[in-house]
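Chemist: can't give you the sequence, but here's the structure:
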């Protein structure tokens, strides 16, 4: 059951509908969003309204603003009109909406005031106006890592049981796993998706970076076990057939990312799933992929060779990358719309859609120089807890680079603890590389050709694994 149906007369009104949807989400009210013009699509608009089971309609329109009145003429349910500012500052739309004839009422809010439309709808529904507090943990945002871990343990038992059917080279739970084909060859597979970052792309009407996110999440996991990526396939599921411009942006992004990784796209799968996939404004989609790689058995990296005194190096991330968006979206959009400019001079869309960095060339150069890389950790979901996959030792981080402003904004907005920050986000470090002390200078020189690299700390002996981030008083244990 949908409580509220939001109808925009044009996609260009999405900056107003964003205000409505954010407020409704804060109030816990179910809604559906449609785009339909009263002038260009009258038959479709009639069908949408007549078939809807919504209790209240919120209509958003500018210029002549016929949409609210037309909707009110079709249904006897409450209709709220939101006039949108245009050439006359929205006065034309406001006057058009408020001057409805007797018997066809439309409740009207101020120009561009999508929030009040949502609050008025809530009062009509009898929902309390108090806003739900902003989440301060990933669990409060809807992703409980402990529950996820319990689920992984359940399915993990079956995964581990399957290892008897091949020569599997890593323990269950590493960044990727490999199977030995013969004495000279191992192959590895990694699969991952873009996640709810796709919702941001949908809000922005931009899909030109999510292909790189998809490729990066997979190839970066492969290099963590010493595997050189050699191929990639994608899986694109959508609510309905996607327009060519969206497919072109996704395809170009996938191509550029695979070019950077020096691998071909071997194919993939496209599925149309209207009963499963749902979008916000445009037809919804989900994008995932799988990368395959190879290595000689002697080239594998699993962290087992890490020892006391080894040095922890961190390679810069490009912002949020592709993790923590269930929390970050709720926090960012409680204060800003997708087109707003953030305090450091970049739009919300540009900041949140920064593509995940690809670290394949970093890995290849280290390998070609013969550097003794003892461990690599891709800092994604669960943040620095990912380092505990390497080995049960103490990873002491004593220095840390200046935080990128997006992380400070998230912490301050959600009043998030430092521990939660470092176990949810990458905090400006996309990849951890652990090398012996005597190879630090050459490693830094090699990586610096591609990205900023920082000496973070050292590895120490311990009875059980932990990550200590001294500048922020954070301790993460197994």
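Modeler: Perfect, thanks for sending it. Since the model is a prediction, treat every value here as computed from it, not as a measurement.
Chemist: Check the offset of the helix or strand of the chain with the lowest mean pLDDT from the chain's centre.
Modeler: Counting by mean pLDDT, DSSP states H and E, the chain has its least confident helix or strand at helix 145-162, which shows a mean of 77. Relative to the centre of its chain, helix 145-162 is centred 23 Å away, using CA atoms, centre = their mean, to the nearest Å.
Chemist: packing partners for the next helix or strand after it?
Modeler: Per DSSP states H and E, the first helix or strand lying C-terminal to helix 145-162 is strand 177-182. Contacts defined by 3 or more CB pairs under 8 Å, 6 or more residues apart in numbering; DSSP states H and E place strand 177-182 against strand 185-193. In this view, the C-beta of every residue, glycine as well, is placed from N, C-alpha and C.
Chemist: Report the mean per-residue pLDDT for the strand it packs on.
Modeler: Taken as a whole, strand 185-193 carries a mean pLDDT of 95.
Chemist: ok, now which ones touch the residue of the chain most remote from its centre?
Modeler: Distance from the centre of the chain peaks at residue 102, with 47.8 Å (CA atoms, centre = their mean). Counting by CB atoms under 8 Å, 6 or more residues apart in numbering, residue 102 makes contact with nothing.
Chemist: Domain parsing of the chain, as residue ranges.
Modeler: 4-125, 175-300, 302-478 (automatic domain parsing).
Chemist: quick one, which of these is nearest to residue 167?
Modeler: Between residue 167 and those, the tightest spacing by CB to CB is seen for domain 175-300, at 3.9 Å.
Chemist: Next, the distance between the ends of the closest one.
Modeler: One end of domain 175-300 sits 12 Å from the other (CA to CA, to the nearest Å).
Chemist: which SSE is the closest residue to residue 192 other than its chain neighbours in?
Modeler: Distances taken as CB to CB, 6 or more residues apart in numbering place residue 217 nearest to residue 192, at 4.0 Å, with adjacent residues excluded. Secondary structure from DSSP H and E places residue 217 in helix 210-223.
Chemist: Quick check: residue 237 touching residue 274?
Modeler: No - Residue 237 is beyond contact range of residue 274, at 10.4 Å (criterion: CB atoms under 8 Å).
Chemist: Of these two, which one has the most company?
Modeler: residue 237 (17 against 11; other CB atoms under 10 Å).
Chemist: Pairing partners for the one helix or strand the more buried one maps to, with directions?
Modeler: According to DSSP H and E, residue 237 maps onto strand 228-238. Take DSSP bridges as the rule and strand 228-238 pairs in its sheet with strand 265-272 (parallel), strand 285-295 (antiparallel).
Chemist: And it, how far out from the chain middle?
Modeler: That offset, for strand 228-238, works out to 18 Å (CA atoms, centre = their mean).
Chemist: Likewise for stretch 211-223?
Modeler: Distance, stretch centre to chain centre, for stretch 211-223: 14 Å (CA atoms, centre = their mean).
Chemist: For the residue nearest to residue 192, give me its contacts.
Modeler: Contacts of residue 217 by CB under 8 Å, 6+ apart are 192-194, 289, 322, 356, 380.
Chemist: Determine which two of those are furthest apart.
Modeler: 289 and 380 (14.5 Å).
Chemist: Mind checking which of those two has more residues around it?
Modeler: Between residue 289 and residue 380, residue 289 has the larger neighbour count (other CB under 10 Å), namely 27 against 24.
Chemist: Hmm, that one is touching residue 189, no?
Modeler: No - the criterion here is CB under 8 Å, and residue 289 misses it with residue 189 at 11.0 Å.
Chemist: what residues are shared contacts of those two?
Modeler: Counting by CB under 8 Å, 6+ apart, nothing touches both residue 289 and residue 189.
Chemist: Tell me the buried residues within the contacts of residue 217.
Modeler: Using 16 or more other CB atoms under 10 Å as the burial test, the contacts of residue 217 include 192-194, 289, 322, 356, 380 as buried.
Chemist: ok, the residue most central in space within the chain - contacts?
Modeler: Centroid-nearest residue in the chain, with CA atoms, centre = their mean: residue 197, separated by 2.7 Å. By CB under 8 Å, 6+ apart, the residues touching residue 197 are 210, 213, 320, 322, 325, 352-353.
Chemist: how many other residues sit next to residue 475?
Modeler: Residue 475: 12 neighbours (other CB under 10 Å).
Chemist: Could you confirm it falls within a strand?
Modeler: Yes - counting by DSSP: H, G, I helix; E, B strand; the rest coil, residue 475 is found in a strand.
Chemist: and after the helix or strand residue 419 falls within, which helix or strand comes next?
Modeler: Assigned by DSSP H and E, residue 419 falls within helix 418-422. Downstream of helix 418-422, the first helix or strand assigned by DSSP H and E is strand 429-435.
Chemist: Against which helices or strands is that following strand packed?
Modeler: strand 311-316, strand 375-378, helix 440-447, strand 453-460.
Chemist: what do you get if the cut-off is 7 Å, keeping everything else the same?
Modeler: strand 311-316, strand 375-378 (3 or more CB pairs under 7 Å, 6 or more residues apart in numbering; DSSP states H and E).
Chemist: Next, format those strands as JSON lines and append mean pLDDT, mean neighbour count and distance to residue 415.
Modeler: Supplementary listing: those in JSON lines, determined by pLDDT from 0 to 100; neighbours: other CB atoms under 10 Å; distance: least, CB to CB, whole Å:
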{"stretch": "strand 311-316", "mean pLDDT": "98", "mean neighbour count": "22", "distance to residue 415": "26"}
{"stretch": "strand 375-378", "mean pLDDT": "97", "mean neighbour count": "25", "distance to residue 415": "28"}
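Chemist: of all those strands, which lies closest to residue 30?
Modeler: Using CB to CB, the helices and strands packed on strand 429-435 put strand 375-378 closest to residue 30, at 36.3 Å.
Chemist: So what touches that closest one?
Modeler: Applying CB atoms under 7 Å, 6 or more residues apart in numbering, the contact partners of strand 375-378 are 175, 220-221, 223-224, 301, 303, 306, 386-387, 389-391, 431-434.
Chemist: Likewise for stretch 458-476?
Modeler: With CB under 7 Å, 6+ apart, stretch 458-476 has contacts from 306, 308-312, 384-385, 387-388, 391-398, 400, 418-419, 422-423, 434, 477-478.
Chemist: Recalculate using a threshold of 8 Å.
Modeler: 306-312, 384-385, 387-388, 391-400, 418-419, 421-423, 434, 457, 477-478.
Chemist: again with stretch 245-264
Modeler: 206-212, 214-216, 219, 229-232, 234, 236, 265, 282, 285, 287, 289, 291, 355, 358, 360-361.
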